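S.K.: Please find the sequence and the predicted model below.
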Amino acid sequence: MRKQVLVVGGNAAGMSTATRLRRLDEVAEITVIEATDHVSYASCGLPYHLNDTVPESELAVMGTDQLSAAFNLDIRTGERVVDIVPETQHATIEPRDGEPYELGYDELVLATGAEPLVPPMFDVEAIEHCHTLRTVDDAIDIRQAVDTAERALVIGGGYIGIEVAENLTESGHEVVIAELLDQVMPNTLGAEMAALVEAHLEAHGVDLRLGTGVEDLTETDYKAVLATMDGTDHEFDLVVISTGVRPRTELAEAVGLELHDSGAIPVDERLRTEEPSIHAVGDAVAVPSIFGERAWIPLGGPANREGRVAANDIAGHDDALAPVLDTAIAKVFNLDVGTVGLTETALIEDGRPYEAIYTAEPDHAGYYPGATDIHFKLLFDPDDGTILGAQAIGEAGVDKRTDVLATAISHGDTVFEIRDLDLAYAPPYSAAKDPVNILGMIGANIVEGVAEIIHLDEFLDTREAATVVDTRPPAMRETQGSIPGDEHVPLGKLRSWAADREADEEVVTYCKIGKSSYMATRILNHEGIEARSLTGGYYRYRAAEGADD
């Protein structure tokens, strides 16, 4: 008997399920219901259509006719599933133009995705030049508006908002980003790392307004949009709302499925819901996380893997989804921002002990032309060194290091193990000690007690009682600035300086990022002076302090 499989949603996760299942089962009747006119489109490529980097013809991975013919699928676009009755295993389907009908199934896959999270005071439908960006039609509409617009407002400073701002800026527009919180990428970056992205956006002409909410949007008589920010009206030709997404779960709720804290559909490692005949995949689901609980991670990579695992399970193959890590990367003009694992905020909320370190290392050997620094933040367990999360920002090599760290986290590796990784080395690609190895060395020193560090918050609370020593070369100090009240003792002069100090004196050393100040602590500790290095160095201090003291 042929198995009847109904897939609700025809983008990444849904189409991955359908096509994988066809490769495993040539006789199953597979029907895909998609509410829009497009299936299997490149969601992550939508921002790059705004300046035509990715033309409209390239947004669809394969067209409906191609997919139907190649995989013998019954793909029905412009139709919506409005009800599911699991007891009789029937779904009610409503075409855009036509009468509702019923369709039976043996297995049903919810791939309903996510929808834009629009603040309730904004009536997007009523304002012609106000948009969200989630579908191909959204991207096409914005692209058409780009040709006549000059001044654009992007509401939201997350990944999508920043990518939209970048592409609108490169199209020649004056762009304002209004972010309600006090930093960009608030869900993925610490404030000190976000400061690098913020400075980069401003350097490329983006008018970045942090801590700024948009109170109202109205359309003028001459087709402009009036945005009220901080009590003042500002006029824009184009507004894109990028304040996040939420999982589409109306059908899951109608079926009676219990939802995860995030609002997503909880599934197990085989993408099964609590209803035996229903799987769920993609941006609508919360899947097992490597850190022990389910997590809602609406990203393209996990969505495609989830579709494959669900299809394998439906076809009777033994497969399970590896726990997710939340690995992501974004392009911000010529800056790359990579993240993986837990953030410091999440660790604090969970009450989990952690250590945080910072460093900046060249993407390849410094003596080979074109080397640029990658800034890193690594989070790990202070007792055993297990890696918990990482962030990397730079102009080159960020993707490689993010992927290496993601692989390490997936294997439960510690700082000791990434310290000893045998990674590819040649001067155009890396240094003999790859930045990942350096992160491991710093972390291992801390776990073993070889390095004594102090974090910025503690430093700011206690610096009046300590002697603060800047170990940078004079030229670096002159160009970068310094911490008020410090002493300047370059590393080469530290031993003679230490000879005149009291043994019980508390010393905090700092440098650009924490490298020479660590070496300084070793010298001072050998001289009997208690010394700690400011982790993240002057870079970390400046990111938190802002303007000169």
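M.R.: Nice, I can see it.
S.K.: Which strand or helix spans residue 400?
M.R.: In this assignment (DSSP states H and E), residue 400 forms part of helix 398-410.
S.K.: and that helix, what does it pack onto?
M.R.: For helix 398-410, the packing partners by 3 or more C-beta pairs under 8 Å, 6 or more residues apart in numbering; DSSP states H and E come out as strand 328-332, strand 335-341, strand 373-380, strand 387-394, helix 415-419, helix 435-447. C-beta coordinates here come from the backbone N, C-alpha and C atoms, glycine included.
S.K.: what's the helix ranked longest in the chain in contact with?
M.R.: Ranked by number of residues, the top helix in the chain under DSSP state H is helix 300-314. By C-beta atoms under 8 Å, 6 or more residues apart in numbering, the residues outside helix 300-314 that reach it are 3, 5, 12-18, 20-21, 24, 43-44, 107, 109, 111, 269-272, 279, 281-283, 285, 287, 318-322, 324, 327.
S.K.: And the pLDDT at residue 549?
M.R.: pLDDT recorded at residue 549 is 39.
S.K.: I misspoke; the intended subject was residue 48.
M.R.: In this model, residue 48 is scored at 91, pLDDT.
S.K.: on that earlier part again, turn the helices and strands packed on helix 398-410 into CSV, including distance to residue 241.
M.R.: Listed next are those as CSV, based on distance: least, C-beta to C-beta, whole Å:
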stretch, distance to residue 241
strand 328-332, 18
strand 335-341, 22
strand 373-380, 30
strand 387-394, 26
helix 415-419, 40
helix 435-447, 37
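S.K.: how far away is the most centrally placed residue in the chain from residue 55?
M.R.: Residue closest to the average C-alpha location in the chain (C-alpha atoms, centre = their mean): residue 328, at 4.5 Å. The spacing between residue 328 and residue 55, counted by C-beta to C-beta, to the nearest Å, is 25 Å.
S.K.: again with residue 263
M.R.: Distance from residue 263 to residue 55, by C-beta to C-beta: 35 Å.
S.K.: Which stretches in the stretch 1-150 of the chain count as helices?
M.R.: Here the stretch 1-150 of the chain has its helices, by DSSP state H, counting those that start in this stretch, at 12-24, 64-71, 136-146.
S.K.: Need the residues that contact the second one.
M.R.: Which is helix 64-71. By C-beta under 8 Å, 6+ apart, the residues outside helix 64-71 that reach it are 15, 18-19, 22-23, 30, 38-40, 62, 73-75, 77.
S.K.: try 10 Å this time
M.R.: Residues outside helix 64-71 that contact it (C-beta atoms under 10 Å, 6 or more residues apart in numbering) are 10, 15, 18-23, 30, 32, 34, 37-40, 60-63, 73-77.
S.K.: and the closest residue to residue 334 other than its chain neighbours, what pLDDT?
M.R.: For residue 334, ignoring the flanking residues on the chain, the nearest one in space by C-beta to C-beta, 6 or more residues apart in numbering is residue 395 at 5.6 Å. With respect to pLDDT, residue 395 scores 97.
S.K.: in the helix holding residue 400, what's buried?
M.R.: Across helix 398-410, burial judged by 16 or more other C-beta atoms under 10 Å covers 398, 400-402, 404-406, 408-410.
S.K.: With pLDDT and distance to residue 87 added, can I get these in JSON lines?
M.R.: Converted to JSON lines, those look like this (pLDDT from 0 to 100; distance: C-beta to C-beta, whole Å):
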{"residue": "398", "pLDDT": "98", "distance to residue 87": "51"}
{"residue": "400", "pLDDT": "97", "distance to residue 87": "51"}
{"residue": "401", "pLDDT": "98", "distance to residue 87": "51"}
{"residue": "402", "pLDDT": "98", "distance to residue 87": "46"}
{"residue": "404", "pLDDT": "98", "distance to residue 87": "49"}
{"residue": "405", "pLDDT": "98", "distance to residue 87": "47"}
{"residue": "406", "pLDDT": "97", "distance to residue 87": "42"}
{"residue": "408", "pLDDT": "97", "distance to residue 87": "47"}
{"residue": "409", "pLDDT": "97", "distance to residue 87": "42"}
{"residue": "410", "pLDDT": "95", "distance to residue 87": "40"}
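S.K.: which helices and strands sit right next to the lowest-mean-pLDDT helix or strand in the chain?
M.R.: Lowest by mean pLDDT, DSSP states H and E among the helices and strands of the chain is helix 537-545, with a mean of 83. The contact analysis (3 or more C-beta pairs under 10 Å, 6 or more residues apart in numbering; DSSP states H and E) places helix 537-545 against helix 191-203, strand 355-362, strand 373-380, helix 456-462, helix 474-480, strand 506-510, helix 515-526.
S.K.: and of the ones you listed, who's closest to residue 219?
M.R.: Nearest to residue 219 among these is helix 191-203 (27.3 Å), distances taken as C-beta to C-beta.
S.K.: Sort out which of the contacts of helix 300-314 are buried, if you could.
M.R.: Buried by 16+ other C-beta under 10 Å: 3, 5, 12-18, 20-21, 43-44, 107, 109, 111, 271-272, 279, 281-283, 285, 287, 321, 324, 327, out of these.
S.K.: and residue 175, that one's in a strand?
M.R.: Yes: for residue 175, which was evaluated using DSSP: H, G, I helix; E, B strand; the rest coil, the result is membership in a strand.
S.K.: do you know how far the closest residue to residue 124 other than its chain neighbours is from residue 116?
M.R.: Excluding the flanking residues, the one nearest residue 124 by C-beta to C-beta, 6+ apart is residue 130, at 5.2 Å. Separation of residue 130 from residue 116 (C-beta to C-beta): 12 Å.
S.K.: any common contacting residues for these two?
M.R.: With C-beta under 10 Å, 6+ apart, residue 130 and residue 116 have common neighbours 124, 241.
S.K.: The two: which is more packed in?
M.R.: In this view residue 130 and residue 116 are compared by other C-beta atoms under 10 Å, and residue 130 has more residues nearby, 24 against 19.
S.K.: The more buried one is in contact with residue 242, isn't it?
M.R.: No: look at residue 130 against residue 242 with C-beta atoms under 10 Å: they stay out of range, at 11.9 Å.
S.K.: Need the mean per-residue confidence for stretch 114-122.
M.R.: Here the average pLDDT along stretch 114-122 is 90.
S.K.: what residue ranges in this structure score low on pLDDT?
M.R.: Where the chain drops to pLDDT under 70, the residues are 546-549.
S.K.: Mind doing that once more with 80?
M.R.: Under the criterion pLDDT under 80, the flagged ranges of the chain are 1, 60-62, 221-223, 502-504, 543-549.
S.K.: What segments of the stretch 201-350 of the chain are helices?
M.R.: Going by DSSP H, counting those that start in this stretch, the stretch 201-350 of the chain shows helices at 250-255, 300-314, 344-350.
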